[in-house]
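Asker: quick one, structure for this:
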Amino acid sequence: MGCWQCCRCRGSDPERHCFIAEDDAGKAVGYTLVAYEQPISRAVASGGVLAEHRGKGIGRALLREVMQYVEGLGVEALHMEASVAHADVNHMLSLHGMETVKSLWQMRWESDEVPDVNLPEGFAVRSLVAGQDEQVLTELQNISFGENWGFSPNTVEQIRVRVEHNRGGPEGIIFITDDGTEHGKPAAYNWTMFIEDGAASSGIIAMTGVHPDYRGRGIGRAVVTAGIAYLVERGAAAVELEVDSENAPARELYLNLGFRKVSGSVWYEKRYR
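Answerer: Model (predicted):
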């Protein structure tokens, strides 16, 4: 349905895997942060250069440094994401031997009509309870995305940290539970974030996962609409998400719910083995 992981969840250690570019005065003008995902033998790099210092070769120097560093980690691949709007970045990555392997759509929902949350009989909606549901969420996320491109299994500690720092609070992580099972087995979840900015407040659907045992039963649509409803109730005027452009079922679900494509991004790969 959709997959997002912050650098904390990906295993980033800024003290070891961060590169800073400085000017002659010692001011930071650019950076690259590497997330080392040992379970799937890859590294993910992200970063940028201050606008007034672009076009001076700083980005290329950072990229060369990172590529050399990542090769020393012994991973099989390096991945980097670039917006389709940044032609210069895409060109730079291609020149350094990186190839496109995945494209994503950025989508936005804006409407006066919130879609109904049509739950199948016997199912219920509830928010995550911090200090209680981290194990449940970890297991559900790992099994929901276990076969997805680029997904690295999370530990309970990684999820606990992310829940603790979730924008909008842990209640923005929503479960649909099968109340016909003991203790209400979680069937799906929607990880939302709320960005407060007065009348311009917005929401993000960061991840949506459905347990394999519950797919094909309308649970995915129900949990997405539950997330939208929650964010709108909080005051979000718009809701954004990103989806794999090749994931036709998810893409069509979002379009049917009123989302529209507003931008796109491309994932690049450098293979080492």
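
Asker: where does residue 273 land on pLDDT?
Answerer: pLDDT recorded at residue 273 is 88.

Asker: contacting residues for the residue lying closest to it once chain neighbours are set aside?
Answerer: Excluding its sequence neighbours, the residue lying closest to residue 273 (C-beta to C-beta, 6 or more residues apart in numbering) is residue 76, at 4.6 Å. From N, CA and C alone the C-beta is placed, and that goes for glycine too. Residues near residue 76 by C-beta atoms under 8 Å, 6 or more residues apart in numbering: 41, 42, 271, 272, 273.

Asker: which of those residues count as buried?
Answerer: Among the contacts of residue 76, those buried by neighbour count (16 or more other C-beta atoms under 10 Å) are 42, 272.

Asker: could I get the contacts of residue 76 as TSV with secondary structure?
Answerer: TSV is the format used below for the contacts of residue 76 (DSSP: H, G, I helix; E, B strand; the rest coil):
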residue	secondary structure
41	coil
42	strand
271	strand
272	coil
273	coil
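
Asker: out of the contacts of residue 76, who's nearest residue 49?
Answerer: residue 42 (23.8 Å; C-beta to C-beta).

Asker: could you give the bridge partners of the closest one?
Answerer: residue 37, residue 77 (DSSP bridges).

Asker: tell me the confidence at it?
Answerer: 96.

Asker: one more: the one 10 residues further on?
Answerer: Per-residue confidence at residue 52 stands at 96 (pLDDT).

Asker: checking it next. Helix, strand or coil?
Answerer: helix.

Asker: number the residues from 89 up from this point.
Answerer: Fine by me, first position is 89 from now on; the one you just mentioned is residue 140.

Asker: residues near it, how many?
Answerer: Per other C-beta atoms under 10 Å, the neighbour tally for residue 140 reads 8.

Asker: tell me where the stretch 239-361 of the chain is predicted with low confidence.
Answerer: Applying pLDDT under 70 to the stretch 239-361 of the chain flags no residue at all.

Asker: for it, what spans make up the strands?
Answerer: All strands of the stretch 239-361 of the chain, identified by DSSP state E, counting those that start in this stretch, fall at 261-266, 273-283, 290-298, 326-332, 348-359.

Asker: which of the contacts of residue 164 lies closest to residue 335?
Answerer: residue 130 (20.1 Å).

Asker: what sits against the closest one?
Answerer: Counting by C-beta under 8 Å, 6+ apart, residue 130 has contacts 163, 164, 165, 166, 167, 238, 240.

Asker: and residue 173, by the same measure?
Answerer: Counting by C-beta under 8 Å, 6+ apart, residue 173 touches residue 351.

Asker: what of residue 137?
Answerer: Contacts for residue 137 (C-beta under 8 Å, 6+ apart) come out as 109, 117, 118, 146, 147, 150.

Asker: which SS state does residue 112 fall under?
Answerer: What three-state DSSP gives for residue 112 is coil.

Asker: now it: how far from residue 243?
Answerer: Relative to residue 243, residue 112 is positioned 42 Å away (C-beta to C-beta, to the nearest Å).

Asker: next one: residue 171
Answerer: From residue 171 to residue 243 the distance is 30 Å (C-beta to C-beta).

Asker: try residue 298
Answerer: For residue 298, the distance to residue 243 equals 22 Å [C-beta to C-beta].
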